[in-house]
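K.L.:
my questions are about this predicted structure, shown below with the sequence.
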Amino acid sequence: MQLLYFLLFSAFSLLLISSCNEKKKTETAVVQKALYYTCSMHPQVHADKPGNCPICGMKLIGVTKTSNANTMQIHLSAEQIHLGNIQTDTIEKSNIGDKLVLTGTLNFNQDKLTSVNARVEGRIDKLYFKNMGDYVKKGDKVYDIYSEELNNAKQDYVNALEQENTVGNSLVNYATLVESAKTKLLLWGMTNAQITELGQSKQVPTHTTFYSTQSGYITSLNANEGDYVMEGGTVLQLADLSTLWAEAQVYTTQMPFINKSENASVQIPDLNNQIINGKIDFINPEMNPDSRINLVRLTISNKNNQLHPGMPVYITINKAKHQSIALPSDAVLRDSDGAMVWIQTNPGVYEMRMVTTGIDENDAIEITSGLETGEVVVTGGAYLLNSEYIFKHGANPMAGMDMGNMKMAKD
């Protein structure tokens, strides 16, 4: 009998010890489940144990790691949704596309830029224009240069003239020598008037004046008085502002909606929203793989020189209306990796979805793929959801994703 009691006591003790060990393991797992504690309003706060937020005093929420969790999802409590003002709406199709508005800038027409270069090596002893923005007319004096090489060539021309007049007809054809010396001076930038005056005076001045061959505003000064310049060195650069380029950057997803030579208008906010009509004359054939941004350009006239490079503009391209999904601009997050939205899959559960965008119209963005009607999309607070995801997962949800390989929802 005593043996039976002993065996029963031993079995009960082993069961009690095993139960305690399992309870201890469970408690340890529960404790280890929370990676850290953070505040729903201040996710930058990280603590290793429960408590209150040192900034707002709210109770800290435990952030856990679950190996089977969807890495594209985040879970929010009702309190977090309320405090973050997370708003959603059911997707429906609507009319969009009567116009595509791009933000752009006025720039110099590169085809109208002219460089005034030194035609011969020497020292610039006088500049007739010294300020950026000065207007230079064709034929204006630009600089005086002292050049030993040019002075020797001028002296050769004078000598050839004197020998032609003195010797006359002889075995040497001095007329050919004179013409050769004159051609050399013309190639070095002297004008016919300067060469004629040189031949009449028979005096070789130490300095030679060079004139502008084009009209324009000075955009850069590359030499100062007293500087030595090499043959071909740029002295200054001129810009003809009779026409300007209106350039805008567009996302590559918008490029199918833009055609070369398509009618467009340029709105100038700084000039009481003046509108100038034009056509798209250039679409960059090369896409920037890092930014996924392309360039379109219009050439517009600049009457009365009212327009200036650097002015912001709005470029409007008229398109035909069509039925499509359109979301508020705040609902779509875009960067160099593409575009994304947040979808509510269940109450308090939000999932990141990569999408392809189309036309931007006012404050709406067309979604060409990645969504379908009937889904619930986050229209307010998308940036807060993105920040919450980054703090919980330590990375941007869009980073490293391939738009081409990303599975779109029911395309």
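P.N.:
Received it, and whenever you're ready, just let me know what you need.
K.L.:
please, where are all the helices along the protein?
P.N.:
In the chain, the helices defined using DSSP state H lie at 2-33, 78-83, 148-167, 174-187, 192-201, 382-393.
K.L.:
of these, which shows the lowest average pLDDT?
P.N.:
Of all the helices of the chain, the minimum mean pLDDT falls on helix 2-33 (a mean of 46).
K.L.:
wait, isn't Thr90 in contact with Thr379?
P.N.:
No - distance between Thr90 and Thr379: 10.1 Å, which falls outside the contact criterion (C-beta atoms under 8 Å). (C-beta placed from N, C-alpha, C; glycine too.)
K.L.:
and the strands in the stretch 1-150 of the chain?
P.N.:
Using DSSP state E, counting those that start in this stretch, the strands assigned to the stretch 1-150 of the chain run over residues 34-38, 61-64, 73-75, 87-90, 93-96, 99-108, 113-117, 122-127, 135-136, 141-146.
K.L.:
most packed of these?
P.N.:
Highest mean neighbour count among those (mean count of other C-beta atoms under 10 Å): strand 141-146, with a mean of 20.
K.L.:
how about low-confidence regions in the stretch 1-150 of the chain?
P.N.:
Per-residue confidence for the stretch 1-150 of the chain (pLDDT under 70) gives these ranges: 1-36, 40-44, 63-71, 97-98.
K.L.:
pretty sure Gln306 is touching Ile276, no?
P.N.:
No - using C-beta under 8 Å, Gln306 is not in contact with Ile276; the gap is 10.1 Å.
K.L.:
those two: which is more packed in?
P.N.:
Ile276 (19 against 12; other C-beta atoms under 10 Å).
K.L.:
go ahead and confirm that one touches Ser265.
P.N.:
Yes - in this structure, Ile276 is within contact of Ser265 by C-beta under 8 Å, at 6.8 Å.
K.L.:
sorry, back to before: distance to Asn152 for the strands of the stretch 1-150 of the chain - can I get that in a markdown table?
P.N.:
Formatted as a markdown table, the strands of the stretch 1-150 of the chain follow (distance: least, C-beta to C-beta, whole Å):
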| stretch | distance to Asn152 |
| --- | --- |
| strand 34-38 | 82 |
| strand 61-64 | 83 |
| strand 73-75 | 81 |
| strand 87-90 | 82 |
| strand 93-96 | 73 |
| strand 99-108 | 39 |
| strand 113-117 | 21 |
| strand 122-127 | 12 |
| strand 135-136 | 29 |
| strand 141-146 | 12 |
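K.L.:
out of the ones you listed, which gets nearest to Glu162?
P.N.:
Nearest to Glu162, of all the strands of the stretch 1-150 of the chain, is strand 141-146, at 23.9 Å by C-beta to C-beta.
K.L.:
taking strand 122-127 as reference, get the angle to that closest one.
P.N.:
Here the directions of strand 141-146 and strand 122-127 differ by 140 degrees (axes from the mean of the first three to the mean of the last three C-alpha atoms, to 10 degrees).
K.L.:
who touches strand 141-146?
P.N.:
The contact list for strand 141-146 (C-beta atoms under 8 Å, 6 or more residues apart in numbering) reads 116, 118, 120, 122-129, 136, 206-212, 223, 229, 235-236.
K.L.:
what's the answer for stretch 177-197, then?
P.N.:
By C-beta under 8 Å, 6+ apart, the residues outside stretch 177-197 that reach it are 119-120, 150, 153-154, 156-157, 160-161, 163-164, 198, 208-211.
K.L.:
any idea how many residues pack against Arg353?
P.N.:
22.
K.L.:
quickly list what it is bridged to.
P.N.:
With DSSP bridges as the criterion, Arg353 is bridged to Val341.
K.L.:
who touches it in this structure?
P.N.:
When contacts are counted by C-beta under 8 Å, 6+ apart, Arg353 touches 340-343, 370-371, 409.
K.L.:
what do you get for Ile367?
P.N.:
Going by C-beta under 8 Å, 6+ apart, Ile367 touches 324-327, 332, 341, 355-358.
K.L.:
next one: Met352 from Trp342, what distance?
P.N.:
Distance, Met352 to Trp342, by C-beta to C-beta, to the nearest Å: 6 Å.
K.L.:
who has more neighbours, the two?
P.N.:
Counted by other C-beta under 10 Å, Met352 and Trp342 do not tie: Trp342 has more neighbours, with 29 against 21.
K.L.:
what is the burial count for the residue lying closest to the more buried one once chain neighbours are set aside?
P.N.:
In space, and not counting its chain neighbours, Trp342 is closest to Val378: 4.0 Å by C-beta to C-beta, 6 or more residues apart in numbering. Using other C-beta under 10 Å, the number of residues around Val378 comes to 23.
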